[in-house]
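J.: I'll drop the sequence and a predicted model, then ask my questions.
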Amino acid sequence: MASSTQTLEFQAETRQLLQLVIHSIYSNKDIFLRELISNASDALDKLRLESLTDSTLEASDPHIVLEVDKGARTLTVRDNGIGMTRDDVVDLIGTIAKSGTAGLLAKIKEAKDAEAAQHLIGQFGVGFYSAFMVADKVTLHTRRAGTEEGTVWESDGEGTYTIAPADGLPVGTSVTLHLKAEDSEDGLGDYLAAWKIRQIVKQYSDFIRWPIRMATEPVSTTTDDSADADGEAAGEPETLNSMKALWARPRSEVTEAEYSEFYQQISHDWQAPAETVHMRAEGTFEYEALLFIPAHAPFDLFSRDTKRGVQLYVKRVFIMDDCEALMPNYLRFVKGVVDAHDLSLNVSREILQHDRQITAVRRRLVKKVLGALKDMRTKNGETYATVWEQFGRVLKEGLIEDRDSTDALLELVSSASTNDAEKPTTLREYVERMKDGQDTIYYLTGENRAMVENSPHMEAFTARGYEVLILTDPVDEVWTDQIPAFDGHRFQSIAKGQVDLDNDADAEGTDEAKAEKAQREQDFAPLLTWLQTTLAEHVKQVRLSTRLTTSAACLVGDAHDLTPTLEKMYRAMGQELPPVKRILELNPTHPLVTALHQTHQAGADNPALADIAELVHGSALLAEGGDLPDPARFTRLLTDRLTHAL
Ligand SMILES: Nc1ncnc2c1ncn2[C@@H]1O[C@H](COP(=O)(O)OP(=O)(O)OP(=O)(O)O)[C@@H](O)[C@H]1O
C-alpha cells in the first residue's frame, strides 16, 4: 500500500492559514474539539438526509466517539456519518473554498497585534485546521457511505500531506490527533484527561443532537491525572452530551451562558451575541425559533456568496443551513435555528420558497428581529450603536428589498447629521428638531462626512440653521431615491431640485424680497443663457442659486436624476448609461459671479469669459468631490488665469 501513498501540497492559502493556526492565533485552544465534533455531527446529519432518498445508506446507531490512547498520546474523534471519498478529502481538507480567504489572510498579516488577528480569524472559523493547534500530526481515516474504498490522510500541518487508499475501514470518519504536550502557558490543556474532555463537550457541544460517547480506558492505564478522581472504570462508553435541543426548552429554563455557548457553536463566533430572540409558535403551524443578532460582522458580510445564518430543522432533525426562505437577504447576519414541526423531512428549497406558511413564518421572524433591534435601541443604546455600526449598511438594504418592513426599518435608521459632530440621530429625533414650518427631511449623500459637510450645497442650510442628514453608505444613494417619506415627512436631497428656503415660514419671504429676486433673475438672464450655450457639453441648465452663501457655484440634479455616485456605481457594475448632465447654479452675490456678469455685459466676445466659465464649472465639480472630465485642460486654464492675475 505504501507505493500508492501520494504526497501532495496544500493550496497556498491553506498553508498560510495553517501557519497562523499552528502559531496560535487562538488563545482558547479547547475549541478544536468543538470544531471536530461539529464536523462529525454535520457528517451524521448528511448521512441521515441522504438516507431519506437512498435506503441503502441507513446508518445504524449514528454517534460520535472520542477515544483516548494515553500511551500513544492520541485523541481520536470518530463518527459513522457520511464520510469522504479521496477526491472529497483533497478538495475539502487540502483547499479552502471560502471566498475572500486571500483578502482575509492579507488583513491578518497586517493586523497590529495578536488580538486583532484573532478577531479576524474568529470571523472566519478555521474548522478542521484547528486540530493543528493542539496536535503536531493529524491522521484522518475516512470512507464515504455507499463506496468500498477508504482513504487515509496524514499531515503535520507544514507544507504537505500524504494520502493513500485503505481497505477495511468502516463508513464514516475518524480524526486522530497526535497531541502536543500539555502547556498551560500556551493554553494547551491535558486533552488526554477524561475530565477535560467531559468539560469541553459539556461546555461547547452539549446540545449536539447525536450522542457523543467517550470510550473510557481501564483505570490501570491512567497515570496521575485527575481522571482517576472521576472514578472511571473500563466498561460501557459514557454519553457526554444531553442532546437536548436548546430551542425546545422554555425560555425561563435556559441561562444566558447556555444561549451564548449555543450561539458560539453554530456561528463559530468567539463573542457572545448582542441579542437573543427565542420564540415558540403554536396553532396550525408549530415551530420554535432561536435567533441571535451577533455583536460583530463576519468578514464576508458583503461578499456575493455569503450565506444566511438560519438553519432549518424539522422535529429536531437538521434539514438545511442558509435557509433563504426563512430570512431575507438583508438579515443574513442573523444566526440561529428554526424547528418547524409540520414539514416533511424531504422538504426542498423550492418547496419552501413557495410555501405560504413558510412565508408567514418568515414575516413573523423578520418582525421579531426588527422588534428586538428597536427594543435594543431604546433600552440599550450603546449595544445598539455597535450593532448599527456593524450591520446598519445591511439593514438599509431592507429599505430597498422589503417594502412590508419600511416603517420598522426607518425607525431603526441611525444617521450622521449636521446637528452633532459625533452623535448620530434617529429620524424621529430629526423630525422632533425640525424648524417651524419645515416639513421636509433634508439629506445629502456623499463619500464621507468631511466631503458632505464641506459641500457647497450645505451653505444655505447651515446658514439658516436647517439640519441635514449626512449619508455616506453607497446603499443610501439607492434607498433615499425609493422611499418617499418618514412619518409623513418627505426626504429631500439638498443637491437635487430647486431649493427655496426663502419660502419657509421663518425666512424673509416678503414681497420685497420676491421682487428683488425677480429683478436679479432678469438682470442675469443674458449671462445665464450665454453660459448655458458655452457649457452645453457639460450641463443641461445654468440658473441662480438660493443654496449658496460663500461658494460661487455648485452642481445640482433634477429631483429624479441619478446622483453622481449612483451613476458611478451603475457604470462600475457594467451598465450602459447616457451621460447624466446636471444643473449649474451660480451665487449672484459672489464677487466672481458679479464680475463675470459685468464682463459679459461689457461684451460677450471677451475670450477670458469662456475660460472662466469652464473654470467655474470645474471648481463646482471638484467642490463636491467629483472627477474633472479633463484635469490637464482645467489645470492649464487655471494656471493661465493665475498668471494673468499677477
Ligand atoms: N468528520 C467529517 N466527515 C465528513 N466530512 C467532513 C468531516 N470533517 C470535515 N469534513 C468535510 O470537510 C469540509 C471542511 O471542513 P472544515 O471544518 O474545515 O470547514 P467547514 O466545517 O465547512 O466550515 P466551518 O468549520 O467554518 O463551519 C467540511 O465542510 C466537510 O465537507
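T.: Happy to help now that I have it.
J.: interface residues of the stretch 201-350 of the chain facing the ligand?
T.: By C-beta under 6 Å from any ligand atom, the residues of the stretch 201-350 of the chain that approach the ligand are H268. Quick note: C-beta positions are derived from backbone N, CA and C, even for glycine.
J.: tally up the residues packed near Q199, please.
T.: Q199 has 14 neighbours, counted by other C-beta atoms under 10 Å.
J.: what's the pLDDT at it?
T.: You'll see Q199 listed with a pLDDT of 91.
J.: tell me how far the closest residue to the ligand within the stretch 451-600 of the chain lies from T426.
T.: Using C-beta to the nearest ligand atom, the closest approach of the stretch 451-600 of the chain to the ligand is made by V475 at 27.5 Å. Per C-beta to C-beta, to the nearest Å, V475 is found 18 Å from T426.
J.: how about A135?
T.: 51 Å.
J.: cool, and L240?
T.: Taking C-beta to C-beta, one finds L240 at 48 Å from T426.
J.: how about the residues of the stretch 401-550 of the chain near the ligand?
T.: By the rule C-beta under 6 Å from any ligand atom, no part of the stretch 401-550 of the chain lies against the ligand.
J.: which stretches of the stretch 401-550 of the chain form strands?
T.: Applying DSSP state E, counting those that start in this stretch to the stretch 401-550 of the chain gives strands spanning 414-417, 420-426, 440-445, 469-471, 485-486, 489-493, 539-544.
J.: ditto for the stretch 151-300 of the chain
T.: Taking DSSP E, counting those that start in this stretch to define them, one finds strands in the stretch 151-300 of the chain at 160-166, 172-179, 212-215, 238-239, 275-281, 287-293.
J.: for A135 and T426, indicate the residue with more neighbours.
T.: A135 (24 against 17).
J.: leaving out sequence neighbours, find the closest residue to K180.
T.: Nearest non-adjacent residue to K180, counting by C-beta to C-beta, 6 or more residues apart in numbering: D136, 5.4 Å away.
J.: now do the SS call for that neighbour.
T.: Following DSSP: H, G, I helix; E, B strand; the rest coil, the label given to D136 is strand.
J.: the one 3 residues further on too?
T.: Of the three states, T139 takes strand according to three-state DSSP.
J.: which intervals of the stretch 201-350 of the chain have sub-threshold pLDDT?
T.: Applying pLDDT under 70 to the stretch 201-350 of the chain flags residues 216-235, 346.
J.: contacts for stretch 436-449, please.
T.: For stretch 436-449, contacts defined as C-beta atoms under 8 Å, 6 or more residues apart in numbering pick out 415-416, 427, 430-431, 434, 452, 455, 457-458, 461, 466-472, 476-477, 480, 485-486, 489-495, 504-506, 563, 565, 624-625.
J.: and if we set it to 6 Å?
T.: Stretch 436-449 is contacted from outside by 416, 452, 457, 466, 468-472, 476-477, 489-492, 494-495, 504-505, 563, 625, using C-beta atoms under 6 Å, 6 or more residues apart in numbering.
J.: how about the contacts made by A164?
T.: By C-beta under 6 Å, 6+ apart, A164 lies in contact with 4-5, 152.
J.: ignore what I typed, I meant L240.
T.: The contact partners of L240, by C-beta under 6 Å, 6+ apart, come to 198, 201, 212, 214.
J.: again, only using 7 Å
T.: Contacts for L240 (C-beta atoms under 7 Å, 6 or more residues apart in numbering) come out as 198, 201-202, 212, 214.
J.: residues near whichever residue of the chain sits closest to the ligand, how many?
T.: Proximity to the ligand, evaluated over the chain using C-beta to the nearest ligand atom, is greatest for G127 at 2.3 Å. By other C-beta under 10 Å, 17 other residues sit near G127.
J.: chain neighbours aside, what residue packs nearest to it?
T.: G127's closest residue in space is E35 (C-beta to C-beta, 6+ apart), at 5.3 Å.
J.: report the contact partners of the one you found.
T.: 127-128, 130.
J.: from S41, how far off is it?
T.: From E35 to S41 the distance is 11 Å (C-beta to C-beta).
J.: can you check S551 too?
T.: To S41, S551 is 64 Å away according to C-beta to C-beta.
J.: do K202 as well
T.: According to C-beta to C-beta, K202 and S41 sit 15 Å apart.
J.: also L246?
T.: 14 Å.
J.: before we move on, what about T160?
T.: Between T160 and S41 the computed distance is 29 Å (C-beta to C-beta).
J.: do the same with A553
T.: For A553, the distance to S41 - C-beta to C-beta - is 65 Å.
J.: which one's more surrounded, these two?
T.: A553 (25 against 22).
J.: give me the neighbour count for the nearest residue to that one once chain neighbours are set aside.
T.: With sequence-adjacent residues excluded and distances taken as C-beta to C-beta, 6+ apart, A553 is closest to A620, at 4.3 Å. Residues contacting A620 under the criterion other C-beta under 10 Å number 23.
J.: A620 contacts L584, correct?
T.: Yes: at 6.4 Å, A620 and L584 qualify as touching, with contact defined as C-beta atoms under 7 Å.
J.: which neighbours do those two share?
T.: Joint contacts of A620 and L584 (C-beta under 7 Å, 6+ apart) are 553, 555.
J.: number of nearby residues for P250?
T.: Neighbour tally, P250, other C-beta under 10 Å: 8.
J.: so who does it touch?
T.: By C-beta under 7 Å, 6+ apart, no residues touch P250.
J.: just to revisit the earlier point, can I get the buried part of the contacts of stretch 436-449 as one ChimeraX selection?
T.: Only the buried entries of the contacts of stretch 436-449 go into this ChimeraX selection, using 16 or more other C-beta atoms under 10 Å:
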select :416,452,457,466,468,469,470,471,472,476,477,489,491,492,494,495,504,563,625
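J.: which residues sit in contact with the residue nearest to K180?
T.: 156, 178, 180.
J.: closest to N380 among those residues?
T.: When the contacts of D136 are compared for distance to N380 (C-beta to C-beta), K180 wins out at 41.8 Å.
J.: show the pLDDT at the closest one.
T.: The score at K180 is 94. That number is its pLDDT.
J.: how about it, phi and psi?
T.: Main-chain dihedrals, K180, degrees, to the nearest 10: phi -70, psi 160.
J.: and the strands of the stretch 151-300 of the chain, which is most packed in?
T.: Mean neighbours per residue, mean count of other C-beta atoms under 10 Å, is largest over the strands of the stretch 151-300 of the chain for strand 287-293, with a mean of 25.
J.: just checking, next helix/strand downstream of that strand?
T.: Using DSSP states H and E, the helix or strand that follows strand 287-293 in sequence is strand 309-314.
J.: now do the helix or strand just after that next one: which elements does it pack against?
T.: On the C-terminal side of strand 309-314, the closest following helix or strand by DSSP H and E is strand 317-320. Here strand 317-320 touches strand 309-314, going by 3 or more C-beta pairs under 7 Å, 6 or more residues apart in numbering; DSSP states H and E.
J.: count of neighbours near the closest residue to T426 other than its chain neighbours?
T.: Excluding its sequence neighbours, the residue lying closest to T426 (C-beta to C-beta, 6+ apart) is S414, at 6.2 Å. S414: 20 surrounding residues under other C-beta under 10 Å.
J.: pretty sure A325 is in a strand, no?
T.: No: under three-state DSSP, A325 sits outside any strand and is assigned coil.
J.: that one: how many residues sit nearby?
T.: 22.
J.: that one against Q353, yeah?
T.: Yes: judged on C-beta under 7 Å, A325 makes contact with Q353 at a distance of 5.3 Å.
J.: show me what contacts L528?
T.: Per C-beta under 7 Å, 6+ apart, neighbours of L528: 542-543.
J.: and it, how far from S38?
T.: From L528 to S38 the distance is 69 Å (C-beta to C-beta).
J.: before we move on, the earlier item: quick check: closest non-adjacent residue to the residue of the stretch 451-600 of the chain closest to the ligand.
T.: Nearest non-adjacent residue to V475 (C-beta to C-beta, 6+ apart): K396, at 4.7 Å.
J.: kindly report the same for W479.
T.: L399 (3.9 Å).
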